[in-house]
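[1] A predicted structure for the sequence below; I have some questions about it.
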Amino acid sequence: MRTLTGDCTCDVQRSLQGNGEQLCSVCCMGNADDAKRRAEAALTAWAAGNAKRDQVICDAVDAGISVNRIHQITGVARTTIDRILRAEESAESPQ
């Protein structure tokens, strides 16, 4: 298996590089099944981390961290943070 060469600019390679992994991209791999397995593993890892996003953001606000600071740290848009907080408030309020 070849390592990243920098010649490829596909989204999968950039995604894997962003996670600090030195893996071939889908378009650079010789084995399509291996490429699919690695891409699915990367998506699964991303989804697992992302699944807790809303709760982590709510916990940070409860701890006193500002929406702006959460945005700076996470890169999550302020409007998305506001939407998460509104959803949490509506879920907690009696109906």
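    Okay, I see it. The structure displayed is predicted, hence computed values, not measured ones.

[2] look up how far Ile81 lies from Ser90.
    Ser90 sits 15 Å away from Ile81, going by CB to CB, to the nearest Å. (Each C-beta comes from the backbone N, C-alpha and C, glycine too.)

[3] those two: which has the busier surroundings?
    A count of neighbours by other CB atoms under 10 Å puts Ile81 above the other of Ser90 and Ile81, at 22 against 9.

[4] residue ranges with poor pLDDT in this structure?
    1-30, 95 (pLDDT under 70).

[5] could you chop it up by domain?
    11-50, 53-92 (automatic domain parsing).

[6] hmm, Ile57 is touching Asp82, no?
    No. With contact defined as CB atoms under 8 Å, Ile57 does not count as touching Asp82 (10.2 Å).

[7] between the two, which one's more packed in?
    The neighbour count for Ile57 versus Asp82, taken as other CB under 10 Å, is higher for Ile57 (21 against 11).

[8] check which helix or strand that one maps to.
    Secondary structure from DSSP states H and E places Ile57 in helix 53-62.

[9] mind checking what helix or strand follows that helix in sequence?
    Helix 53-62 is succeeded, C-terminally, by helix 67-74 (DSSP H and E).

[10] show me where this protein has its helices.
    11-18, 32-50, 53-62, 67-74, 78-92 (DSSP state H).

[11] just the CA atoms of the second one, as CSV, please.
    Same thing as helix 32-50. Below are the C-alpha coordinates for helix 32-50, written out as CSV (Å, rounded to 0.1, in the frame of the first residue of the first chain):
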residue,chain,number,x,y,z
ALA,A,32,-11.2,-1.1,-4.0
ASP,A,33,-12.5,-3.2,-1.1
ASP,A,34,-9.7,-2.0,1.2
ALA,A,35,-10.4,1.6,0.1
LYS,A,36,-14.1,1.1,1.0
ARG,A,37,-13.3,-0.4,4.3
ARG,A,38,-10.9,2.4,5.3
ALA,A,39,-13.4,5.1,4.1
GLU,A,40,-16.2,3.5,6.1
ALA,A,41,-14.0,3.2,9.2
ALA,A,42,-13.1,6.9,8.9
LEU,A,43,-16.8,7.8,8.6
THR,A,44,-17.7,5.6,11.6
ALA,A,45,-15.0,7.2,13.7
TRP,A,46,-16.2,10.7,12.7
ALA,A,47,-19.8,9.8,13.5
ALA,A,48,-18.9,8.5,16.9
GLY,A,49,-17.1,11.7,17.9
ASN,A,50,-19.8,13.8,16.3
